[in-house]
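Undergrad: Structure for the following, please:
(chains A and B)
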Amino acid sequence: MAKKENCIISLQGVTKVFDGTTVVDDFNLDITKGEFVTFLGPSGCGKSTTLRMIAGFETPTEGKILLNGEDISKIPPYQRPINTVFQKYALFPYLDVYDNIAFGLKLKKIPYEATDKNGNKVTKYRHLTREEIDKKVMHALKLIDLEDLENRDISTLSGGQQQRVAIARAIVNEPEILLLDEPLGALDLKMRQDMQIELKEMHKKLGITFIYVTHDQEEALTMSDTIVVMKGGEIQQVGNPTDIYNEPVNAFVANFIGESNIYNATMAGKLKVKFLGKVFDCVDDFPVNEKVDVVVRPEDVKISDDLDAYKNDLHGKIISKVFKGVHYQYIILVGKNEVECRTTKDFPDGSEVAITVAAQDIQIMKKEFTKNIYTDAWIDKNNKLVIGDDTFDVDVTQLLPGSHVDEDLYLISKDGKKYDLDDADVIAEFGLGDVEIIDGEDNGNANGTIISVVYEGDHYSVLVRTEEEEDYVVDTPYTWNVGDLVSVKVDPKHIKLTLKGGIEKYERE
Amino acid sequence: MKENKSKLRGLFTFKRKDLCIPYAVFLVLFIIIPILIIVAYAFMDADGHFSFDALVSFFATPNKTNVLITSVFIAIQTTLLCLLIGYPLAYFLADKKVNKNAVLVTLFIAPMWINFVMRTWATRDLLYMLGIDGGTHPYLATSIGMVQNYLPFVILPLYTTMLKLDKSQIEAAADLGANPVQVFFKNIVPQSIPGIAAAATMTFMPTMSSYVISDVLSEYKITLFGNYIHLDFSSSLWNDGAFMAVIMLILVGLTMLISSRFEKKTEVRGGQLW
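TA: Just a heads-up that it's a prediction; the model follows:
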């Protein structure tokens, strides 16, 4: 990453491992002085751990944290010019509001010039005087609008007031960086929105760097200059709120930031992408035939009831209509897929509409395969799994713990209930390494053509596509030729099934 | 008819508060009535008439007031010593890295399982072997015996408090610039005040009234308040004994009052929202 100018803190290859689990993996980020940076991600994504490493509560397993060019990763928290606003405030209940805020100031020592007995100038350190502390605390109280509450007990304050005291206690020390660990999590919605605006204003007024951790995408979009989206200890995307919202790099980011329609799609040609059963023009250039994820924001879906004028476009039926104040939110059923749409136009529930999406509103993202997932698989009358047109042996007893299959192929539960799984809709999953490729047709469960072979360091990632356009991604040590006809085979014990809906509806007398 | 039935049922329905009845009976029979009897005896003369004889006799006998002062002093000394030894110990025991599965705590609590009198006699012999026999060092032997006996009562409440310390407050203190020593004195100690109060009460009250330890370890050279009460009762001076028991009751009540104030003041946690 290019060195930013005015960089106040720089995380370089920061990795944290707890008991063999990598919580933060090779984190690289430069933060500019005065920036409002937000680490955004679901719980367990490593955002809080990263913050705690900046604060000094955790030491990175690997990597460096440079503050103004100096490595601080081994310095204890009390020597860092960084202060934290904690998730649950962590105020001192045995001190009143004033003493909570003054806590840091009373410990602080400031340098001053003195003359020793030989007449040389030396730097000595002294505590702040009571007047100095008083002035700073009063200033901080004014900033958080709690001027009259200085002598109140912490326990008599409301959550919002405690929150403000926690912020005042941190900023009164004039840190170079203020860390905020989900500080608004315990407040109600209205309060949270007010505090967001107040924090943003405080940031402007103080001019110090804020690093904010949250799982709330709206909070991140409202306040940040820069958002760092994290997942599984890794940075997914870094950018300003507009970029993150409009140009998410992958399905995870798109899904996490704002409402979105995400579809499996295939590149149907140069700047053409096929999803929802139709080919759309697009602006992102991906190799033809590649399977991709497509994101369309609900507000970018344009609908019209003039079916004739849009007869070559997608048609669907409104199955849900919700008035949201400024706009309506529709769910439109297109084939088997749902399309969410937001518009100020009023259409009756249940009506047929035509759907169009402009080329620049289709965001195409590289698909990352971690496993093969088939969401429209089903079980046939022989208790075999059907994906597309192909059947796989599978262990159906995993759908009900402790069950077995009788000679009539009914699933019998522990307590003797009988289930007929014929035609049951399931989601089937298996790992990339659980699929075997066999030369020639009809040697395995399904036949397909090899679409791509990518070498990934220590193995090949091979994409096999069947006639029904079902894809099998296979990790294999062997190389194959693109265009070959092959069979794929999956060991039944590796196939994980999840029933769509409850098992009750398959019960038989 | 219907009314009758419900009345009848009311007679046999079991309410939750009925569960208190056994204890209430016990409380009245064995605690309240005896206390009333003691108070009554304290203000009676040998013939059973109301009088302040016992009160006058207590304050007019320097020996008795001296014993009270010695007892309070030994109790305070024992409490302080126990806290001084027990506090850092509890702090380290609560550290999961030092004390992986609380085995160590059991080890420190284990002396409580041994019969109190037997333990005291064992201490006497042990001290004798170390050259601190009751004949030559009655005060030292008693002090050591007291601390040894009441240490587990200090460790246990402190240990539970330490386990409940709010880690984020400790981090906040460090974050605000407190070095480890400052974190300890400015946050951990204030946070553990309820535990300190509980530990102090649990040591101070029983040391005030104990007499077996001083009898055995000082070879009857040190007389504590408990000894005196025991002595009066065993020599049939019921009224004098009862009056001293009332004084003890007042002291214990005062200790409770003081310690409960501490608990109230620090119990408030940041948990309350609104």
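
Undergrad: what is the mean pLDDT for stretch B:188-196?
TA: Stretch B:188-196 shows a mean pLDDT of 92.

Undergrad: Over to it now: how far is its first residue from its last?
TA: Taking C-alpha to C-alpha, to the nearest Å, stretch B:188-196 runs 11 Å from one end to the other.

Undergrad: List the buried residues of that stretch.
TA: B:188, B:190-196 (16 or more other C-beta atoms under 10 Å in any protein chain shown). Yep, even glycine has a C-beta here, placed from its N, CA and C like the rest.

Undergrad: Distance from the chain centre to it, please.
TA: 18 Å (C-alpha atoms, centre = their mean, to the nearest Å).

Undergrad: Near chain B, which residues of chain A are found?
TA: A:55-57, A:76-78, A:82-84, A:86-95, A:103-104, A:107-108, A:153-155, A:158-159, A:162, A:169-170, A:173, A:186 (C-beta under 8 Å from any C-beta of the partner chain).

Undergrad: Please check the residues you listed and keep the buried ones.
TA: Taking 16+ other C-beta under 10 Å as the criterion, what is buried in the residues of chain A next to chain B is A:55-57, A:77-78, A:82-84, A:86-95, A:103-104, A:107-108, A:154, A:159, A:162, A:169-170, A:173, A:186.

Undergrad: hang on, the earlier thing: chain A next: which of the buried residues of stretch B:188-196 are close?
TA: Answer for these near chain A (C-beta under 8 Å from any C-beta): B:190-191, B:193.

Undergrad: Could you tell me which of those residues belong to helices?
TA: Counted as lying in helices by DSSP state H, out of these, are B:190-191, B:193.

Undergrad: Put together JSON lines for those residues, with distance to residue A:67 on each row.
TA: Shown next, in JSON lines, are those (distance: C-beta to C-beta, whole Å):
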{"residue": "B:190", "distance to residue A:67": "31"}
{"residue": "B:191", "distance to residue A:67": "30"}
{"residue": "B:193", "distance to residue A:67": "36"}
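
Undergrad: ok, then the element right after the lengthiest helix in chain B?
TA: Longest among the helix segments of chain B by residue count, using DSSP H, is helix B:62-93. Downstream of helix B:62-93, the next assigned helix or strand under DSSP states H and E is helix B:103-109.

Undergrad: Next, give phi and psi for the closest residue to chain B within the stretch 251-400 of chain A.
TA: Among all residues of the stretch 251-400 of chain A, residue A:256 sits closest to chain B, at 26.8 Å; criterion: C-beta to the nearest C-beta. Phi and psi for residue A:256, reported as degrees, to the nearest 10, are phi -80, psi -40.

Undergrad: That one reaches residue A:214, doesn't it?
TA: No: contact criterion C-beta atoms under 8 Å: residue A:256 and residue A:214 do not qualify, at 11.5 Å.

Undergrad: if I look at those two, which residues touch both of them?
TA: Contact criterion C-beta atoms under 8 Å, 6 or more residues apart in numbering or on different chains; residues shared by residue A:256 and residue A:214: residue A:40.

Undergrad: Around chain A, which positions in the stretch 51-200 of chain B sit nearby?
TA: B:166, B:168-169, B:171-179, B:182-183, B:186-187, B:190-191, B:193.

Undergrad: List the ones among the residues you listed that fall in helices.
TA: B:168-169, B:171-175, B:182-183, B:190-191, B:193.

Undergrad: Which one of those is nearest to residue A:118?
TA: residue B:182 (32.9 Å; C-beta to C-beta).

Undergrad: So for the closest one, what's the nearest residue that isn't a sequence neighbour?
TA: Nearest-residue entry for residue B:182: residue A:107, 6.2 Å, with adjacent residues in sequence omitted and distances by C-beta to C-beta, 6 or more residues apart in numbering or on different chains.

Undergrad: So of the buried residues of stretch B:188-196, which two are at opposite extremes in space?
TA: So, those by C-beta to C-beta: farthest apart are B:188 and B:194, at 12.9 Å.

Undergrad: so what's residue 98 up against?
TA: Reading this off chain A. With C-beta under 8 Å, 6+ apart, residue A:98 has these contacts: A:137, A:141, A:150-151.

Undergrad: if you could check chain B rather than the one you did, that'd help
TA: Per C-beta under 8 Å, 6+ apart, neighbours of residue B:98: B:92, B:104.

Undergrad: what about residue B:243, how many residues close to it?
TA: 28 (other C-beta atoms under 10 Å in any protein chain shown).

Undergrad: Which element, helix or strand, includes it?
TA: Assigned by DSSP H and E, residue B:243 falls in helix B:238-267.

Undergrad: Which neighbouring elements make contact with that helix?
TA: helix B:33-42, helix B:53-60, helix B:62-93, helix B:193-209, helix B:225-234 (3 or more C-beta pairs under 8 Å, 6 or more residues apart in numbering or on different chains; DSSP states H and E).
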